[in-house]
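J.: 3D model of this:
(one chain, ligands or ions: 1)
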Amino acid sequence: MAKNIFLTGNLQVGKTTLINKIIAALPATRISGFRTSRYYHEHKLKGFYIEDINDESKELKDKFIGRCINEDHWVSIPSTFDSYGTQVMERCLNDQSDLIVMDELGFFESDAARFQAAVFRVLDADKPVLGVLKQKETPFLRQVRHREDVTVYEINEDNRDRLFPVILCELQDELGQRKYGVKIDPEEFEKSAREVFAPVYAEIARQIKERTQITAGLCLDVGAGTGRLGIEVAKITNLSVILLDRSLKMLSFASQNVAEEGFRNRVKIILGDVHRIPLPDQSIDLVVSRGSLFFWEDQQKAFQEIYRVLVPGGIAYVGGGFGSEELKRKVDREMQERDSNWKKNLDEKIKKTNLDYCKILDSIAISNVRMIKDRANMWVVFKKEQCPPVRQGLTGIVDQPWRLEAAPNHGRLV
Ligand SMILES: C[S@@+](CC[C@H](N)C(=O)[O-])C[C@H]1O[C@@H](n2cnc3c(N)ncnc32)[C@H](O)[C@@H]1O
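T.: Take a look at the predicted model:
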């Protein structure tokens, strides 16, 4: 999995601001690394210098990496990278830091071979890196960009707010700081989804269709992973589907799956976080989500977001499960053969994430809630009222059959 994250994008688009925001949101994390800054003289940009972020001295001597000779003529100073820059990189490797910042890698270091080698040693090491890559083509930048262990996010004014929680969560995963900190390897996940879980998605999609009767409009699959539930929903309805996930790698598999199944025209992909869904209010008819809520940091905020994007009369079908007990037994058997800790880990995860969803939804005034719980499933289903929400308490009763009347343009829960 890519443990090194770089941001790229146009000048002044907010890359460093985003890095600072992410660092500020990781207060318990020890950071080392470097920053490059601009040097002004008499309000004119005269140079760039590099600084160890833990070095508080204001001394700039020996730190200049580029100087402006006259107006538009710049010269690089590779020796600064090879001496000072290399020292900073070596310090990062050997100190007690958890995360290494490289803000930024550009073209001034194109001829700094020692520094480049030190950067690659850091990228190879265990500690995650958060950095900025200049949007330029040099052999060095290309080599960094194309490494397997590097993910590059292109930042622009439209996506920078949305990418904040995405990148933050990815780093928290790497740093082992997630509340429900189970790390999923997207490649392994997709392999099991394809080889073992496939019938589960089809069955759950069938149940969702039967229970919600929503077959047209827009469906959002939250925490869609490699997209299998959303694609199955698209197969049996006329719904257009948006696959939302905070993992770029999961979504790259999802994109392949959408293309393979021939659904490019009806299934779209968005990188984003459930706590800040990048969609307008009242834009979605059906929200589905399988196996993702166990990872959400703030359940109330996540459900509020789901509620916000639902149209009045729209339905959310969120939870986890295997469709039926028979399918669960089959999956358990096959997964246990692949991984002898499968059942143990699954039971532990279920225990750890067994929250009182009725209470959570009640606390944010979401009513019309139904819980579907059996040995193979746990689904929270709710319908957004036709009128603006008024706090009414819960109308659904856990484990009891219940009914909601059909809404004019949307289905009903039965
Ligand atoms: C166990 S996987 C389930 C994937 C898919 N729904 C399925 O059933 O195959 C959980 C997914 O939720 C995503 N996820 C976790 N937290 C998330 C969040 N805060 N926002 C969006 N996606 C999230 C993960 O990246 C992962 O792809």
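J.: what ranges do the helices span in this structure?
T.: 15-24, 78-80, 86-94, 113-124, 139-145, 160-174, 186-192, 198-212, 228-236, 248-260, 299-309, 325-338, 342-352, 357-363 (DSSP state H).
J.: least reliable of the ones you listed by average pLDDT, please.
T.: Lowest mean pLDDT of the helices of the chain: helix 342-352, a mean of 82.
J.: okay, the angle between that one and helix 325-338?
T.: 120 degrees (axes from the mean of the first three to the mean of the last three CA atoms, to 10 degrees).
J.: same for helix 342-352, what does it pack against?
T.: helix 325-338 (3 or more CB pairs under 8 Å, 6 or more residues apart in numbering; DSSP states H and E). Yep, even glycine has a C-beta here, placed from its N, CA and C like the rest.
J.: who's in contact with the helix it packs on?
T.: Helix 325-338 has contacts (CB atoms under 8 Å, 6 or more residues apart in numbering) with 192, 195-197, 199-200, 203, 321-322, 342-343, 346, 374-376.
J.: what about 7 Å?
T.: By CB atoms under 7 Å, 6 or more residues apart in numbering, the residues outside helix 325-338 that reach it are Ser192, Val196, Phe197, Pro199, Val200, Glu203, Phe322, Trp342, Lys343, Arg375, Ala376.
J.: bridged to Leu271, which residues?
T.: Going by DSSP bridges, Leu271 is paired in beta bridges with Asp245.
J.: I'd say it and Ser247 touch.
T.: No. Using CB atoms under 7 Å, Leu271 is not in contact with Ser247; the gap is 8.2 Å.
J.: so which of the two has more stuff around it?
T.: Using other CB atoms under 10 Å as the criterion, Leu271 and Ser247 rank with Ser247 on top: 23 against 18.
J.: up against the ligand, what does the stretch 251-400 of the chain have?
T.: Neighbours of the ligand within the stretch 251-400 of the chain, by CB under 6 Å from any ligand atom: Asp273, Val274, His275, Arg290, Gly291, Ser292, Phe295, Trp296.
J.: any idea how far His146 is from the fourth one?
T.: Using CB to CB, to the nearest Å, Arg290 is found at 33 Å from His146.
J.: residue in the stretch 101-250 of the chain nearest to the ligand?
T.: Gly225 (2.5 Å; CB to the nearest ligand atom).
J.: what about that residue, neighbour count?
T.: 24.
J.: quick one on the thing from earlier: comparing the helices of the chain, which comes out most buried?
T.: helix 228-236 (a mean of 24; mean count of other CB atoms under 10 Å).
J.: identify the residues contacting the nearest residue to the residue of the stretch 101-250 of the chain closest to the ligand once chain neighbours are set aside.
T.: The shortest distance from Gly225 to any non-neighbouring residue, by CB to CB, 6 or more residues apart in numbering, is to Met250 (4.8 Å). Applying CB under 7 Å, 6+ apart to Met250 gives the contacts Pro186, Gly225, Thr226.
J.: isn't the last one up against Ser255?
T.: No. The criterion here is CB under 7 Å, and Thr226 misses it with Ser255 at 9.2 Å.
J.: in the sheet, who's paired with the closest residue in space to Val129 that isn't next to it in sequence?
T.: Closest residue to Val129 apart from its sequence neighbours, by CB to CB, 6+ apart: Asn4 at 4.2 Å. Beta-bridge pairing for Asn4 (DSSP bridges): Val129, Val150.
J.: tell me how many other residues crowd Asn4.
T.: Using other CB under 10 Å, Asn4 is surrounded by 23 other residues.
J.: Ala224 and Phe120: what is the separation?
T.: Taken as CB to CB, the span from Ala224 to Phe120 is 34 Å.
J.: ok, and the closest non-adjacent residue to Thr215?
T.: Thr237 (4.2 Å).
J.: tell me the confidence at that neighbour?
T.: Thr237 is given a pLDDT of 98.
J.: phi, psi for it please.
T.: Dihedral angles of Thr237 (phi, psi; degrees, to the nearest 10) stand at phi -140, psi -180.
J.: so Ile167 touches Ile5, yeah?
T.: Yes. Between Ile167 and Ile5 there is a contact at 6.0 Å, judged by CB under 7 Å.
J.: from what I can see Cys358 touches Val369, true?
T.: Yes. Using CB under 7 Å, Cys358 makes contact with Val369 at a distance of 6.0 Å.
J.: so what touches stretch 16-30?
T.: Against stretch 16-30 from outside (CB under 7 Å, 6+ apart): 7, 31, 96-99, 101, 103, 130, 132, 155, 160, 164, 167-168, 171, 175.
J.: what's stretch 66-76 in contact with?
T.: Taking CB under 7 Å, 6+ apart as the rule, stretch 66-76 contacts Leu45, Lys46, Gly47, Phe48, Ile65, Ile77, Phe108.
J.: distance between it and the chain's centre?
T.: Centroid separation for stretch 66-76 versus its chain: 40 Å, with CA atoms, centre = their mean, to the nearest Å.
J.: and Met1, what pLDDT?
T.: Predicted confidence (pLDDT) for Met1: 58.
J.: what's the residue nearest to Phe263 when sequence neighbours are not counted in contact with, if anything?
T.: Distances taken as CB to CB, 6+ apart place Ala234 nearest to Phe263, at 5.3 Å, with adjacent residues excluded. Neighbouring residues of Ala234 by CB under 7 Å, 6+ apart: Val241, Phe263, Arg266, Val267.
J.: please repeat the previous calculation with a cut-off of 8 Å.
T.: Per CB under 8 Å, 6+ apart, neighbours of Ala234: Cys219, Ser240, Val241, Phe263, Arg266, Val267.
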